[in-house]
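[1] structure here, sequence nowhere to be found:
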């Protein structure tokens, strides 16, 4: 809501999310991620039709959900779809507790912002710049790991991969 307030544009909830479907980016296969997005989202056509829409999302990991959102909004008659992401682009895997895919599956690892915008089909795409995120954290910025955004890890990659492998070995196998 802060984005809309600061931009001086009205907020209307034209995209409805089911709270019974979890985070789709952690699903093990693309087909299960696609199915999860279909179950998770629906639109309110009367709010969307003929309008320019700004979607504010917390992150863009693989691009699966964002692409589906843009398509849903266009199918509901959106004139334009603009994506705003409340984090910097994710360019590195997290080895410290967040279930993210390996970096080759992260869309921002291999595409720049314009390529991602084209891939998801949005009219515009903007992320929170990493330096602005760090500025907001002020003196505490050095206390937080931002390796998924900066690819600057607090330990060497070989150590991280070994750590991740040891953690994965402790996890039960996915069916």
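    Cool, the structure landed. In this text, all values refer to a predicted model and were calculated from it rather than measured experimentally.
[2] quick one, what contacts the residue nearest the centre of the chain?
    By Cα atoms, centre = their mean, the chain has its centre lying nearest to residue 60, at 1.9 Å. By Cβ atoms under 8 Å, 6 or more residues apart in numbering, the contact list for residue 60 reads 66, 83, 85, 89-90, 107-108, 116, 120, 127. In short, each C-beta sits where N, CA and C put it, glycine included.
[3] rerun that using 6 Å as the cut-off
    Neighbour list for residue 60: 66, 85 [criterion: Cβ atoms under 6 Å, 6 or more residues apart in numbering].
[4] next: residue 59.
    Counted by Cβ under 6 Å, 6+ apart, residue 59 has contacts residue 87.
[5] and it, helix, strand or coil?
    With DSSP: H, G, I helix; E, B strand; the rest coil as the basis, residue 59 sits in coil.
[6] begin at 23 from now on, thanks
    All set: I'll call the first residue 23, so the last point we hit is now residue 81.
[7] and the helix or strand residue 26 falls within, what does it pack against?
    Secondary structure from DSSP states H and E places residue 26 in helix 24-29. Helices and strands touching helix 24-29, by 3 or more Cβ pairs under 6 Å, 6 or more residues apart in numbering; DSSP states H and E: there are none.
[8] I'd like the mean pLDDT over it, please.
    Here helix 24-29 scores 86 as its mean pLDDT.
[9] following the chain onward from it, which element is next?
    strand 37-39.
[10] now that next one: buried residues?
    Going by neighbour count (16 or more other Cβ atoms under 10 Å), the buried part of strand 37-39 is residue 37.
[11] and it, what other elements does it pack with?
    strand 63-65.
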